[in-house]
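Novice: need a 3D model of the following:
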Amino acid sequence: MFCYSSSQAGAKQVGVRPLRGIWPLALISFVVLAAPQQAATAAPQPLDSPIAQVNPNHSAQTRLPRSVVRQIRRDLSQNFNIPRRNLEVVSYERQTWPDSCLGLAAANERCATAIVEGWRVEVTNGQQNWVYRSDMTGQVIRSETNQSTNLLPEVSDRLLQTIAEEFDIPVNSLRITEAQPRVWDGCMGIYVPNQACTMIALSGWQAIVAGENQSWVYHLTEDGSRIVLNPTASGGSLIPSFIPTDGQPSEPIDGTIIFRAVTSGGLAGIVSQVILTADGTIYRQVSQPISPRPSSPVVERRLSPEQVQQFQQLLEEQRFPNLSGLRYITDAAFADYPTTTFYAMGGQVEYIDLAYDDLPEALQEVIQAWNQF
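Specialist: Got it, this is the predicted structure:
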């Protein structure tokens, strides 16, 4: 007879010395018989435990860490007010991302170029699905289904598929960077000179889509049944973004002003605006941080009526209103390099001259014509 303690790594003899050759055989028999019984009675894993889905492409590390699931649930719960217990993982796979932004950089966002191992995870609440990217542990997560757009997944998919078909590019190379709600007229908000538009109110979206070397601006109805390209604002390699609303009017209050260019953002904090009035007068006004009031306007030159008319015609031909509400800037703008905002025809557009070659062609034409004055 002998006794053992199951809390030890191996059996311990208590008081009785085993017979030579018999003791090892008894121990081996016990371990072999006991192991299957322990596995069979193991408690089920909790809902937020690592998910053990086998992926044949990754023989090792096939478990999705619970930290990744926890971070995704937390993000969806905070942004959509969805109870975390209602969120389940539909599928996941190991992925390698090209940068610190997991290949989902926002407009003008700086991302470190580095190989990041991680996961692509699809989550659902039973009514809607979301796709996330993460690093290996969930310290960095990004939603492919842009949470700031509120576009329904089927509308987003329809938009991206439309672009892929129109321009013959892979749909997986496209991403929606921003979208904002809009109310369109019968022309879907696309301005065409001398075109009459039915004055109806169509709820919809304006969406910015980025490809590998090009960006597009699209106008959509709310359900995505109508998807229209804004060609004026599209085509440049620089990804635009929406101008933040600050409660300021989008155009000069004075109806005699045809065009206004405001340059700001330099290290000195100087704001300079150049204004063209209907009578052809061009004058400049400068504001400095050290002065509580702007300087008096200084007349720089006067244009002939023909010159004023030609410039107005150019704004029409380039369909300036279609650029309204968009900004075309780079990281340099955040490093106090000056940016310029144009106001005309009831709209405004912002750009940085360092990126002139990457701007849409229509905006380049307007800049070139204005600089001639």
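Novice: alpha carbons only for contacts and neighbour counts from here, please
Specialist: Noted.
Novice: in a helix, P181, correct?
Specialist: No: secondary structure of P181 (DSSP: H, G, I helix; E, B strand; the rest coil): strand, not part of a helix.
Novice: so where's the chain uncertain?
Specialist: Counting by pLDDT under 70, the chain has low-confidence residues at 1-61, 79-81, 106-109, 127, 145-150, 245-253, 290-292, 331-335.
Novice: find the centremost residue of it, please.
Specialist: Nearest to the mean C-alpha position of the chain, by C-alpha atoms, centre = their mean, lies T177 at 3.3 Å.
Novice: doesn't A210 make contact with that one?
Specialist: Yes: here T177 reaches A210: they are 6.6 Å apart, a contact under C-alpha atoms under 8 Å.
Novice: in three-state terms, label the residue nearest to the centre of the chain for me.
Specialist: Taking three-state DSSP as the rule, one finds T177 in the strand state.
Novice: and it, how far from R327?
Specialist: Separation of T177 from R327 (C-alpha to C-alpha, to the nearest Å): 13 Å.
Novice: which residues does stretch 295-309 contact?
Specialist: The contact list for stretch 295-309, computed with C-alpha atoms under 8 Å, 6 or more residues apart in numbering, reads A278, D279, G280, T281, I282, Y283, R284, Q285, V286, S287.
Novice: wait, the first one touches I257, no?
Specialist: Yes: proximity of A278 to I257 meets the contact threshold set by C-alpha under 8 Å, at 6.1 Å.
Novice: ok, the two, which is more surrounded?
Specialist: Counted by other C-alpha atoms under 10 Å, A278 and I257 do not tie: I257 has more neighbours, with 20 against 16.
Novice: mind listing what that one touches?
Specialist: Applying C-alpha under 8 Å, 6+ apart to I257 gives the contacts I275, L276, T277, A278.
Novice: mind running it again at 7 Å?
Specialist: L276, T277, A278 (C-alpha atoms under 7 Å, 6 or more residues apart in numbering).
Novice: number of residues surrounding the second one?
Specialist: Per other C-alpha under 10 Å, the neighbour tally for T277 reads 18.
Novice: show me where the protein has its helices.
Specialist: Counting by DSSP state H, the chain has helices at residues 22-40, 66-80, 153-167, 305-317, 361-371.
Novice: tell me which of these sits most buried.
Specialist: helix 66-80 (a mean of 18; mean count of other C-alpha atoms under 10 Å).
Novice: what is the burial count for P170?
Specialist: The number of residues near P170, taken as other C-alpha under 10 Å, comes to 13.
Novice: the helices of the chain into CSV, with extra columns for distance to W130?
Specialist: Converted to CSV, the helices of the chain look like this (distance: least, C-alpha to C-alpha, whole Å):
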stretch, distance to W130
helix 22-40, 35
helix 66-80, 9
helix 153-167, 8
helix 305-317, 42
helix 361-371, 36
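Novice: care to break the chain down by domain?
Specialist: Domain segmentation of the chain under automatic domain parsing yields 1-42, 66-143, 153-230, 257-371.
Novice: how far away is V90 from D223?
Specialist: 25 Å.
Novice: and for I270?
Specialist: Taking C-alpha to C-alpha, one finds I270 at 45 Å from D223.
Novice: next one: V271
Specialist: From V271 over to D223 (counting by C-alpha to C-alpha), the distance is 42 Å.
Novice: just among the contacts of stretch 295-309, which is most surrounded?
Specialist: Busiest of the contacts of stretch 295-309 [other C-alpha under 10 Å] is I282, holding 21 neighbours.
Novice: residues contacting that residue?
Specialist: V274, I275, L276, V299, E300, R301, R302.
Novice: and A278, by the same measure?
Specialist: Contacts for A278 (C-alpha under 7 Å, 6+ apart) come out as T256, I257, I258.
Novice: what's the neighbour count on the first one?
Specialist: Residues lying near T256 (other C-alpha under 10 Å) number 11.
Novice: isn't it up against T277?
Specialist: Yes: counting by C-alpha atoms under 7 Å, T277 is a contact partner of T256 at 5.6 Å.
Novice: joint contacts of those two?
Specialist: Joint contacts of T256 and T277 (C-alpha under 7 Å, 6+ apart) do not exist.
Novice: give me the nearest residue to I270, chain neighbours excluded.
Specialist: The shortest distance from I270 to any non-neighbouring residue, by C-alpha to C-alpha, 6 or more residues apart in numbering, is to Q288 (4.8 Å).
Novice: neighbours of the one you found, how many?
Specialist: Residues near Q288, counting by other C-alpha under 10 Å: 14.
Novice: now the contacts of I257 in JSON lines, with distance to L323?
Specialist: Listed next are the contacts of I257 as JSON lines, based on distance: C-alpha to C-alpha, whole Å:
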{"residue": "L276", "distance to L323": "19"}
{"residue": "T277", "distance to L323": "21"}
{"residue": "A278", "distance to L323": "22"}
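Novice: in strands, which of those residues fall?
Specialist: When DSSP state E is applied, the contacts of I257 are split such that L276, T277 fall in strands.
Novice: just the ones of the contacts of A278 in strands?
Specialist: Those of the contacts of A278 lying in strands (DSSP E): I257, I258.
Novice: any chance of the contacts of A278 in TSV, plus distance to A201?
Specialist: Shown next, in TSV, are those (distance: C-alpha to C-alpha, whole Å):
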residue	distance to A201
T256	29
I257	29
I258	28
